[in-house]
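1. Quick check, what structure comes out for this input:
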Amino acid sequence: MLIRTMLLLLLTATATSAQPRPVPRNAANPETRTAQYLESVRRQPSLLLQFLREMPKGGDLHNHLSGAIYAEHYIQWAAEDDLCLNRQSFAFVPQPCGADKDIVSAKKVLTDATLYQQVINAQSMRFFRGPESGHDHFFDTFGKFGAVSNNHMGDMLAVMASEAAADHLSYLELLLDPDNGAAEKIIEDHQIVFDDNLATLRDKIIHNGLADAIAAGRSTLDQAESRMRELLHCGTPQASPGCNVTIRYQYQVLRGKAPAIAFSQMLTGLELASADPRVVDINPVMPEDAYVPMHDFDLHMRMLSYLHGLYPKVHLSLHAGELWTGLVPPAGLTYHIRHSIEIGNANRIGHGVDVMFENDPVGLLKEMAARKVAVEVNLSSNDQILGVSGKDHPLAIYLLYGVPVALSSDDQGVARSNMTQEYVRAVRDQGLNYPVLKRIVRNSLEFSFLPGKSLWTDATYSRRVPACAADQPLSAKPSQACQDLLAKSERARLQWRLEADLGQFETKTCCTATATPHPQSAVSMR
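-> Purely as a prediction, here's the structure:
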């Protein structure tokens, strides 16, 4: 009896110590109280998760659409499309199925519990334990669901918009192939051979169907967005919150393809971005360490430099530095980020993990800060693909040198993550505090490729532009001058909305109290 009583008292004391301790409301402003609350729950995973789930996160600037979809969706769509599953590779394939070849109907996956789990594990990083490397398993997943993703862009957009809204995101830049391979088909159908004279090569592509590729891309986006709006019931009383998420697209260039095809895709993407405001960027994808991307890297930079001169208004976010020691020879780590900026004219860098292996890394960091070249940081995929996490990750060094960063999801379906989990990693593994998180959230819109003027005049987000300087985002209606700015600038509109969302978040009941803080774990990099 005595033991039971003592145990009960111990459990009660432990539970009580985990409860937030009230802090006087006049102790600090809402932002400071919110920061205090984060420190109080830093080592309480459930409360930290709740806090970061509810926190407004702005935009996700590095999100591969096909890799963002969870395998469960692909299984359902494969069954609906009457596809087959290769039970050896766990890849969906077209008809015909054949039991003698171990190729079964995709519908069987829905009725076979063991097979269902095997497909999810094969098409994602869930429970991954080898025997292949995390790098190989991650990238191999894309070929397993490609037969499904190619036919469900509208459904995928609807999923992403809904998940973004639930994760308190207001903006997405999605990487995809809107022309469904039309740029590659130009090269193949007309047997166009790579010409080192890029102007001549460009003329050949233009005169052999480039306009058709542009039209195909715009038509694909029209159909996909129409399907998305239908699924989300946009414009009706039953409209999903996903209807309020702004979506723009990055045209992905397959840098593992032959030079003529890569150039054709770059050109098609730039022309499409010039014709359709929904397309904001071109971006080279595929594993950076593979033979062709490494061998042709300098050529790709020369292509981008040439094309940027012809299309200077189109933004460029380039995958660079998704490398680590041992993955490629040492020399391969020394220049990709710098050349992407100085030759490829990158406005943003995707990943940038190997920055400290670059030649003169400190000089490069200072250059990036001065030129305001933002880095899209993908903590989950960097860990799963490269094995880089915690103190090994360069996020802290980017912050130390004032390089703007934005957290992004990369391939949340394959990684089995979402933006909330990226922020959990940022707090748990990188030690970031609330002021830094808030700046990162603001960066996600400031360094987006949305059109229009910014709401801010400075990099610290301490001063708004004169038109809106005296207005409060939580007020019912801004001044006429501020309204005029918001009407003209899509960027400023989303930034204004974000400030209102942050204000509401910081004044919520959850953030007006704090438990015992852990100051030793609060990293400040302001």
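2. dump the residue contacts of the residue nearest to the spatial centre of the chain.
-> Computing the C-alpha centroid of the chain and ranking residues by C-alpha atoms, centre = their mean puts residue 62 first, at 2.7 Å. Applying C-beta atoms under 8 Å, 6 or more residues apart in numbering to residue 62 gives the contacts 173, 175, 317, 350, 376, 378, 408-410. Heads up, the C-betas are built off the backbone N, CA and C, glycines and all.
3. That one: helix or strand, and which one exactly?
-> Using DSSP states H and E, residue 62 sits within strand 58-64.
4. residue ranges for the strands of the stretch 51-200 of the chain, please.
-> Here the stretch 51-200 of the chain has its strands, by DSSP state E, counting those that start in this stretch, at 58-64, 84-86, 91-93, 103-105, 169-176.
5. Quick one: closest of the ones you listed to residue 438.
-> Closest of those to residue 438 is strand 58-64, at 9.8 Å (criterion: C-beta to C-beta).
6. to the chain's geometric centre, what's the distance from that closest one?
-> Strand 58-64 sits 3 Å away from the centroid of its parent chain (C-alpha atoms, centre = their mean, to the nearest Å).
7. Just the buried residues of it, please?
-> 58-64 (16 or more other C-beta atoms under 10 Å).
8. Look up the pLDDT of residue 476 for me, please.
-> Residue 476 carries a pLDDT score of 71 in this model.
9. typo on my end, it should be residue 15
-> Checking the pLDDT column for residue 15, the value is 34.
10. ok, now residue 289?
-> 98.
11. quick revisit: farthest-apart pair in the contacts of residue 62, please.
-> 317 and 409 (14.5 Å).
12. Comparing the two, which shows the higher neighbour count?
-> residue 409 (31 against 27; other C-beta atoms under 10 Å).
13. Tell me which stretches of this structure form strands.
-> 21-22, 58-64, 84-86, 91-93, 103-105, 169-176, 246-254, 279-285, 315-320, 348-351, 374-377, 405-407, 513-514 (DSSP state E).
14. hmm, back to that, going by neighbour count, which of the contacts of residue 62 are buried?
-> Counted by 16+ other C-beta under 10 Å, these give 173, 175, 317, 350, 376, 378, 408-410 as buried.
15. Those residues into CSV, with extra columns for distance to residue 287?
-> Formatted as CSV, the buried ones among the contacts of residue 62 follow (distance: C-beta to C-beta, whole Å):
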residue, distance to residue 287
173, 21
175, 14
317, 17
350, 13
376, 17
378, 14
408, 18
409, 18
410, 13
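16. Now flag whichever of these is closest to residue 78.
-> residue 175 (22.1 Å).
17. got the contact list for the nearest residue to residue 248 once chain neighbours are set aside?
-> Spatial nearest neighbour of residue 248, chain neighbours left out: residue 280 (4.7 Å); criterion: C-beta to C-beta, 6 or more residues apart in numbering. Residue 280 is in contact with 173, 248-250, 273, 314-315, 449-450, counting by C-beta under 8 Å, 6+ apart.
18. In a markdown table, list those residues along with distance to residue 109 and pLDDT.
-> Converted to a markdown table, these look like this (distance: C-beta to C-beta, whole Å; pLDDT from 0 to 100):
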| residue | distance to residue 109 | pLDDT |
| --- | --- | --- |
| 173 | 32 | 98 |
| 248 | 34 | 98 |
| 249 | 30 | 98 |
| 250 | 31 | 98 |
| 273 | 38 | 98 |
| 314 | 41 | 97 |
| 315 | 40 | 96 |
| 449 | 38 | 98 |
| 450 | 40 | 97 |
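19. Could you dump the residues you listed into CSV and include distance to residue 70?
-> Formatted as CSV, the contacts of residue 280 follow (distance: C-beta to C-beta, whole Å):
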residue, distance to residue 70
173, 20
248, 22
249, 21
250, 21
273, 29
314, 32
315, 29
449, 26
450, 27
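20. Scan those residues and report the most crowded one.
-> residue 250 (28 neighbours).
21. measure the nearest residue to residue 180 once chain neighbours are set aside to residue 279 for me?
-> Of all residues not flanking residue 180 in the chain, residue 220 sits nearest, at 6.0 Å (C-beta to C-beta, 6+ apart). With distances taken as C-beta to C-beta, to the nearest Å, residue 220 is found 11 Å from residue 279.
22. so what's in contact with these two at the same time?
-> Common contacts of residue 220 and residue 279 (C-beta under 8 Å, 6+ apart): residue 178.
23. Looking at the two, which has the bigger crowd around it?
-> Between residue 220 and residue 279, residue 279 has the larger neighbour count (other C-beta under 10 Å), namely 25 against 18.
24. who does the more buried one bridge with?
-> Legend: beta-bridge partners of residue 279 under DSSP bridges are residue 249.
25. For it, give me its contacts.
-> By C-beta under 8 Å, 6+ apart, residue 279 lies in contact with 178, 217, 221, 248-251, 269, 272-273.
26. let's see 10 Å
-> 176, 178, 214, 217-218, 221, 248-251, 269-273, 314, 449 (C-beta atoms under 10 Å, 6 or more residues apart in numbering).
27. Brilliant, that's me finished.
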